[in-house]
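Trainee: Sequence and computational prediction follow.
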Amino acid sequence: MTQNYQRIVLVSRPHGTPTLDNFRQEELPLPELQDGEVLLKTLHLSLDPYMRGRMSEGPSYAAPVALGEVMVGGAVSEVIASRHDNFAIGDRVLGYTGWQSHAISTGSGLTPLPATLAQPSWALGVLGMPGFTAYMGLLDIGQPKSGETVVVAAATGAVGSLVGQIAKLKGCRVVGIAGGTTKCRYAVEELGFDACVDHHSRDLPAQLALACPEGIDVYFENVGGPVLQAVVPLLNTGARIPLCGLIAQYNSTELPEGPDFSPLLLRTLLTRRVTLKGFIIFDDYGHRYPEFAAQMGTWLQEGKIRYREDHVQGLANAPQAFIGLLEGKNFGKLVIDH
């Protein structure tokens with residue numbers, strides 16, 4: 001009996017904010033398994049902001065998703081049938097299999113997960129790309145020193161929550177920026193941040209200045225927009241800005257209205273000798289993943305890192321959850337359980 005599987009494909013390119021009409025759910029028969037292949041059942045699918053860029057045709061560091069093709073994404077899967085010598089039924093693996101309930105793989109690009117991993121979905125977050133991004137961006141580019149002030153945008157998200165905690169482990173004063181009082185309270189009371197500012201505040205620049213009386217030495221940038229504008233005047237001489245994302249601008253179709261912010265930004269970078277460096281985590285730091293995994297694994301075992309995931313049930317809900325992610329509706333690392 002032929003088994004069917006579900007997948008979600010990109011059917012049109014969004015202009016601005018994605019809509020449900022950009023996606024289509026399909027049900028298709030699974031091809032017959034061949035020698036050297038494994039059949040994977042998706043357990044957990046990662047939804048991440050970078051996926052918005054892959055929906056567009058503009059130049060980027062990775063090719064866009066072709067229309068009619070499965071949306072990209074990392075997933076934790078279970079091997080449910082195998083004709084491959086290196087994989088057995090029941091093995092759990094990490095792969096880039098995308099928005100689908102099942103996938104057939106030759107084994108290329110699959111990473112076996114240890115049976116001892118307490119939460120397999122952690123491979124998509126705290127022990128995966130978001131954790132790796134936080135670790136390398138902060139420590140290699142940000143280079144925080146004890147006593148310095150580190151400001152983190154999207155402070156309760158998959159990356160920001162870890163940036164702040166790592167900075168605290170390095171002896172820094174940590175100020176988060178998040179959307180709403182609930183998230184800010186979580187950043188301070190649960191994650192151990194010294195302060196957190198609500199980016200919905202009408203007086204965000206003034207609130208941030210109060211929280212950073214000695215200025216800002218490291219700003220971990222993953223948002224852009226008004227948050228960046230509030231940060232720039234507070235940057236200290238020699239400040240460092242690791243740049244890993246600009247979620248506030250992913251849906252923009254034109255330049256923002258109002259005064260041009262670039263002269264102030266460039267003048268500040270020059271006069272205060274600020275280092276601003278963008279990075280693509282696996283392109284730039286892939287060779288250092290073992291170092292990260294060992295250290296983060298130790299911190300987790302020692303209870304020094306807290307991590308929150310936002311789980312949504314059902315592959316069919318992935319498009320709506322992804323749209324919400326771009327609007328900041330998630331609370332923690334967004335994962336689809338299937």
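Mentor: That came through fine. Numbering: from 1, shown residues only.
Trainee: got the contact list for residue 323?
Mentor: The contact partners of residue 323, by CB atoms under 8 Å, 6 or more residues apart in numbering, come to 17-20. Yep, even glycine has a C-beta here, placed from its N, CA and C like the rest.
Trainee: meant to ask about residue 156, not that
Mentor: 176, 178, 183, 186-187, 191, 308, 331-332.
Trainee: Buried only: go through the residues you listed for me.
Mentor: Applying 16 or more other CB atoms under 10 Å to the contacts of residue 156, the neighbour count classes 176, 178, 183, 186-187, 191, 308, 331-332 as buried.
Trainee: And the helices in the chain?
Mentor: Assigned by DSSP state H, the chain shows helices spanning 50-54, 129-136, 160-169, 181-189, 204-211, 225-231, 262-271, 281-285, 289-301, 318-326.
Trainee: To residue 195, which of the ones you listed lies closest?
Mentor: With CB to CB, the closest approach to residue 195 among the helices of the chain belongs to helix 204-211: 4.3 Å.
Trainee: ok, and what's touching the closest one?
Mentor: In contact with helix 204-211 (CB under 8 Å, 6+ apart) are residues 151, 175, 177, 195-198, 201, 226-227, 229-231, 233-234.
Trainee: before we move on, the earlier item: want to try TSV for the helices of the chain, with mean pLDDT as columns?
Mentor: Converted to TSV, the helices of the chain look like this (pLDDT from 0 to 100):
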stretch	mean pLDDT
helix 50-54	90
helix 129-136	95
helix 160-169	97
helix 181-189	96
helix 204-211	97
helix 225-231	91
helix 262-271	91
helix 281-285	90
helix 289-301	93
helix 318-326	96
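Trainee: any chance of these in CSV, with distance to residue 13 too?
Mentor: Shown next, in CSV, are the helices of the chain (distance: least, CB to CB, whole Å):
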stretch, distance to residue 13
helix 50-54, 10
helix 129-136, 24
helix 160-169, 28
helix 181-189, 31
helix 204-211, 32
helix 225-231, 22
helix 262-271, 27
helix 281-285, 24
helix 289-301, 32
helix 318-326, 14
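Trainee: looking at those helices, which is closest to residue 87?
Mentor: Closest to residue 87 of the helices of the chain, according to CB to CB: helix 289-301, at 20.8 Å.
Trainee: chain center to that closest one: distance?
Mentor: 18 Å (CA atoms, centre = their mean, to the nearest Å).
Trainee: now swap in stretch 220-228 and tell me
Mentor: The answer for stretch 220-228 is 14 Å, by CA atoms, centre = their mean.
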